[in-house]
Every structure is written in structure tokens, then in C-alpha cells.
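K.L.:
Predicted model and sequence follow; I will ask about them next.
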Amino acid sequence: MGVGSVSIFRNPSEVPDVLAPGLAVVFCGINPGRVSAAAGAHFANPRNDFWRLLRDAGFTPRLYEPQEQFALLELGIGLTNAAYRTTPGSGDLRRADFDRARLEAIARDLRPRAIAFVGKEAYRGVFGERPDLGAQTRTLGDVGLFVLPSTSPANAAVPYAERLRSFSALRAWLDPVERPAARALVVDRRDRTLLVQFRDATGQTWWATPGGGCDEGETLEQTIRRELAEEVGLTRFELGPEIWTRDHTYAWYGRIYRQRERVHLVRVDEHDAEPTIDLAAEHVHDVRWWSLAALEATDVELVPRTLPRRLRELLEQGPPAEPIDVGL
């Protein structure tokens, strides 16, 4: 395998995965055809347009050969398949051949910016739904999903120029939208912290501190005061010191964002959370106080993941002298 490649995910196929942590995009074909299986390389059929499209869309500086597949890692590109069984054609696959759990593990553990399905049938085999081409509303955690036309010669009805437009659109879409954000760690006299539960369109949920993106022209304090008033009805408080920072790239409803968060401490005696807006429209579905013990015992998704440890440090040691990067 190439330098930096990762092989921790089960792959019984003749065609190896090309994977590493933190890639910009992992291209996901449907399954190995006989030519690719014989070559041990992705998209090895000389009539397949995949490698030419990578060059023409600007993903690679030159035309790569399938046998150079591991060199893609240096460009932030990975390769895998939605199903591993080699077949004469994708129509010979069965539903059980698709392994959604494995793609979820790749998204969770390797955290590429996006997974791009090369063909609608690769996506449909994994998720059981027929997609449109382009960016999808569905995500795998923070990882965005994009559907491209199949590059197979069997898809000759789609002109090369149309395929190239989709590959070029993917390349542009992968550049994140910058989004400054501000949040508040609200702690009451009983050392509980106030969290909100977010839920996306596919039911993925996580709990985070209240806050959000800064509107144009807003200061960080103005953002925090607006968000606390809207999400939890908290309007009278003294803004404490900046305690944490977090740099987070994620997909959300068909776009990719790079969110640079700054988190301030807000101490209150007590507060009954009473939202002043329609929280469902903001994808917030619950608001409640959490004790440190409850946070340390829960198995729900917390943002940041280090929240219990960082809260314990804060309660035991007080605010840090400089803001701490709390990671994902």
C-alpha cells in the first residue's frame, strides 16, 4: 500500500481500498467489475472515463493510470466501493452486497470531507433511495455526500461534457463556506450546563452548547446574546471570558462549512429555558440542563466530544488563562 494508506476496514475484494484519515473526498464506485478485479485497481476498464474526468475537472494535475491509485492519497483523494463482490455488471448485485455500516465507519473514523458516489446506483444500493445528482441533504455524521453520473462505458447515454460538469461541480463544492460562530457554556449555581439537541433531516441527533453562526456585522457578544435569547430565553446575564475554541468542517443540508467557534462562559444562578422562536425551524428539538455526572455517563453524541472532560476541568480549575482548543 502507499504511504499513509489505511486498511483497517474489512475488504474481501480483489480491489484494495485507497483510504487515509482527513481526505478531501472519497470516491465510491458501485463494485469491482471483472477488469478492475483482474487489475487490482479501481476503474481499470480502459473505456471507463473516471481517470480522465479527474484530470479534466482539476482533481489531478495529469492523467493517472489505475495502477497509480495510491498516489491519489497525496492529493487528498481516496477510493472505495459500495459493494465488494465482483460481478459482470452492477445489475448482478444483491441488496445484501451493500455495506452501509462500513461506509459509516469510514465517515466516523477517517472523517473525509465528503464521499462522492460514482453513479446513482452506488448511492441507492447503500441507502435504499433514489437520489438526484449533486449534493445530498443526507450526511454521514459531518461527512457530506455527493452523487455523480456513472463513469462506466455502460452509461454511454450520458455525454462526457455532462459528466465533466458534475465532476467540476463536486470540486467547487468541496471548498468549505467560512462560517464564524459563537457559543456559550451556560453553567448554573448547581454546576449544571445547558445544552440544546439538534436533529437533521435523517434523524441524526447531537447535543451542543447554545449558539450559532454570526450574522453579518455582528460581534461575538451580539451573536451570543441573540442566540441565548432565541434558543433558551436567557436575556439577563454577564458575558464571561472566552474559554474554548473549536475549528470544525462539516456538511449541513447540501453545503460544506468550516465553522470557527469561540465559546464564552456564562454563569447564572438558575434559569428555566423558554425558547422565543420556533426551534424546529432551527433544527433544535430539545433543551435541558445536564449535570456533569449525567454528561460523563451518557452515550449520546456530544459536541464537542470532550465536553464532559472539559467541563470537569473548568469546574475544578476555573477558566483557563487562554482559550483552549477543544477539538471535535
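P.N.:
Perfect, I can see it now.
K.L.:
Identify the residues contacting the residue nearest to L234 when sequence neighbours are not counted.
P.N.:
Nearest non-adjacent residue to L234, counting by C-beta to C-beta, 6 or more residues apart in numbering: L228, 4.3 Å away. Bear in mind the C-beta positions are built from the backbone N, C-alpha and C, glycine included. Applying C-beta atoms under 8 Å, 6 or more residues apart in numbering to L228 gives the contacts A184, V186, P210, G211, L234, T235, F237, V266.
K.L.:
From L195, how far off is the fifth one?
P.N.:
As judged by C-beta to C-beta, to the nearest Å, L234 and L195 stand 13 Å apart.
K.L.:
Out of the contacts of L228, which end up buried?
P.N.:
A184, V186, P210, G211, L234, F237, V266 (16 or more other C-beta atoms under 10 Å).
K.L.:
wait, the fifth one sits on R267?
P.N.:
The reference is to L234. No. Between L234 and R267 there is no contact under C-beta atoms under 8 Å: 11.5 Å.
K.L.:
which residues in this protein form helices?
P.N.:
With helices called from DSSP state H, the chain shows them at 34-39, 50-56, 100-110, 120-127, 160-173, 220-232, 292-297, 307-317.
K.L.:
and H271, which of the ones you listed is closest to it?
P.N.:
Among those, the nearest to H271 by C-beta to C-beta is helix 220-232 (7.2 Å).
K.L.:
closest to R124 among the buried ones among the contacts of L228?
P.N.:
Looking across the buried ones among the contacts of L228 and measuring by C-beta to C-beta, the closest to R124 is G211, at 36.9 Å.
K.L.:
What distance do you get for the nearest residue to the closest one once chain neighbours are set aside to R260?
P.N.:
What sits nearest to G211 in space, not counting adjacent residues and going by C-beta to C-beta, 6+ apart, is R183, at 2.9 Å. Using C-beta to C-beta, R183 is found at 11 Å from R260.
K.L.:
ok, these two, which is more surrounded?
P.N.:
Per other C-beta atoms under 10 Å, whichever of R183 and R260 has more neighbours is R183, with 23 against 15.
K.L.:
can you tell me which residues contact that one?
P.N.:
Here R183 is in contact with A208, T209, P210, G211, G212, I224, E227, E261, R262, V263, H264 (C-beta under 8 Å, 6+ apart).
K.L.:
of all the residues you listed, which comes closest to T245?
P.N.:
R262 (5.7 Å).
K.L.:
So the closest one is in contact with P323, correct?
P.N.:
Yes. Between R262 and P323 a contact is recorded at 7.1 Å, counting by C-beta under 8 Å.
K.L.:
got any residues that touch both of those two?
P.N.:
Looking at what touches both R262 and P323 (by C-beta under 8 Å, 6+ apart), the common residues are E242, W244, T245.
K.L.:
count of residues packed around the second one?
P.N.:
Okay, so that is W244. So W244, with other C-beta under 10 Å, has 24 neighbours.
K.L.:
what pLDDT does it get?
P.N.:
Per-residue confidence (pLDDT) for W244: 98.
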